[in-house]
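A.B. asks: Sharing a model that was predicted from the sequence below.
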Amino acid sequence: IYTVPNASFLPKFINVLSKDWQLGWYARYQSGPYLTPPVSPTANFLSSEDIRVPGQPLYTPGVNINDHSTFNAYYTQVLNPNAWAPCPTNSVCASTSVLYKDFRGPRVPSENANIGRHFRVGKEGKYDFYLRGEFINIFNRTLFSTPTPTTPATFTTNPQNAPVKGAGGGTIYTSGFGVFGTAYLTPNTQYANPGRTGTIIARFQF
């Protein structure tokens, strides 16, 4: 938090307007969370993952999972089902706990800011009125929560099954491998991060 100080080289009336403002910022940037690879449908003795198909991209060609302008979450299967194949029968494949550093969900940056000011009156600033505005997701980014095999359903399971279109007159994906679906774009759900919000805080000290 930075507080604007009194500047002796400025005229008094300018200091009255400029001093005591407080500017704050909090931001967090990190890589996208790991996605759980699909579980193989092969009935071996122990559960195992599908195997990665060499030369096949993990995401649908042309899709950047961190750039929402490259796909439409309603109509795009963002994960490439051709990148995975069932574990061969009577073979030993990776266990279901193996993750890949290049198989990740979208990044979810956190960017918050605030601005406030002390309004001091009376002798030696005896009375203090403090006004502050807090803003969450200050840039109003569209952020998707971390996909899991159950939110939305089957996001990283069963790539051999075609995604289901059940909304928008049968044009919008509702579930399936690599599909965000309508749940991620519905406001105020556990799947979609909220847009920019603001809170005003006031305090009078005497």
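C.D. replies: Sure thing, it's come through. Numbering: from 1, shown residues only.
A.B. asks: Excluding sequence neighbours, find me the nearest residue to the most centrally placed residue in the chain.
C.D. replies: Nearest to the geometric centre of the chain sits Val108, at 2.9 Å (C-alpha atoms, centre = their mean). Computed as C-beta to C-beta, 6 or more residues apart in numbering, the closest residue to Val108 that is not its neighbour in sequence is Leu143, at 5.2 Å. In short, each C-beta sits where N, CA and C put it, glycine included.
A.B. asks: what's the spacing between that neighbour and Asn64?
C.D. replies: As defined by C-beta to C-beta, to the nearest Å, Leu143 lies at a distance of 15 Å from Asn64.
A.B. asks: got it, and Leu35?
C.D. replies: With the distance defined as C-beta to C-beta, Leu35 ends up 15 Å from Asn64.
A.B. asks: got it, and Ile1?
C.D. replies: The gap separating Ile1 from Asn64 is 35 Å, by C-beta to C-beta.
A.B. asks: out of these two, which sits in the more crowded spot?
C.D. replies: Applying other C-beta atoms under 10 Å to Ile1 and Asn64 shows that Asn64 carries more neighbours, namely 12 against 9.
A.B. asks: and the gap between that one and Thr42?
C.D. replies: The span separating Asn64 from Thr42 equals 32 Å under the rule C-beta to C-beta.
A.B. asks: Without its sequence neighbours, what residue ends up closest to Val4?
C.D. replies: Spatial nearest neighbour of Val4, excluding adjacent residues (C-beta to C-beta, 6+ apart): Trp21 at 4.5 Å.
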